[in-house]
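S.K.: Please find the sequence and the predicted model below.
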Amino acid sequence: MTSLDDKIRAEVVKHPGITDRSLAEAIFGVGTPQQRVNGACRNLAANGMLTRAFRSDGLVGNYATAESAAKNVTKPEPTVAVDSSFFSEDEVKRVLEG
């Protein structure tokens, strides 16, 4: 599974029925061609990770399968330990000006 696949699955879980165009813009920015995302979505659908179906507006929407949603559980952000043995910026300024 590529990073693009993971990003697509995450967006589809957040926005069921999202189109390839909207996925491309959400992942790569406004105005980005959708071809790269389209190919990845078709591959994910072929592997059972997405379902692609026509929405009521006639556009193809992407929907997460149960397997895809289960694998897309977000991992907690690592915590950063703060070392209090360092000086703060204000403390350094006081020492240098002092």
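M.R.: Received the coordinates, thanks.

S.K.: Beyond the strand or helix carrying K7, next helix or strand please.
M.R.: Assigned by DSSP states H and E, K7 falls within helix 3-14. Next helix or strand after helix 3-14 toward the C-terminus (DSSP H and E): helix 20-28.

S.K.: got the buried residues for that next one?
M.R.: By neighbour count with 16 or more other C-beta atoms under 10 Å, helix 20-28 contains the buried residues D20, S22, L23, A24, E25, A26, I27. In this view, the C-beta of every residue, glycine as well, is placed from N, C-alpha and C.

S.K.: Looking at the residues you listed, which is nearest V12?
M.R.: Nearest to V12 among the buried residues of helix 20-28: L23, at 7.5 Å, using C-beta to C-beta.

S.K.: dump the residue contacts of that closest one.
M.R.: I8, E11, V12, Q34, V37, C41, N62 (C-beta atoms under 8 Å, 6 or more residues apart in numbering).

S.K.: Export the buried residues of helix 20-28 as a markdown table, with columns for distance to D90.
M.R.: Below are these laid out as a markdown table (distance: C-beta to C-beta, whole Å):
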| residue | distance to D90 |
| --- | --- |
| D20 | 51 |
| S22 | 46 |
| L23 | 46 |
| A24 | 46 |
| E25 | 43 |
| A26 | 40 |
| I27 | 41 |
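
S.K.: Restricting to C-alpha, output stretch 47-58 in CSV.
M.R.: Taking Å, rounded to 0.1, in the frame of the first residue of the first chain, the C-alpha atoms of stretch 47-58 are listed here in CSV:
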residue,chain,number,x,y,z
ASN,A,47,-8.4,-4.9,-4.3
GLY,A,48,-11.6,-4.5,-2.3
MET,A,49,-10.5,-1.5,-0.4
LEU,A,50,-13.0,1.0,-2.0
THR,A,51,-16.3,0.8,-3.6
ARG,A,52,-16.9,3.1,-6.6
ALA,A,53,-20.6,3.9,-7.4
PHE,A,54,-22.5,6.6,-9.2
ARG,A,55,-23.9,9.3,-6.9
SER,A,56,-27.3,11.0,-7.4
ASP,A,57,-25.6,13.8,-9.4
GLY,A,58,-24.2,11.3,-11.9
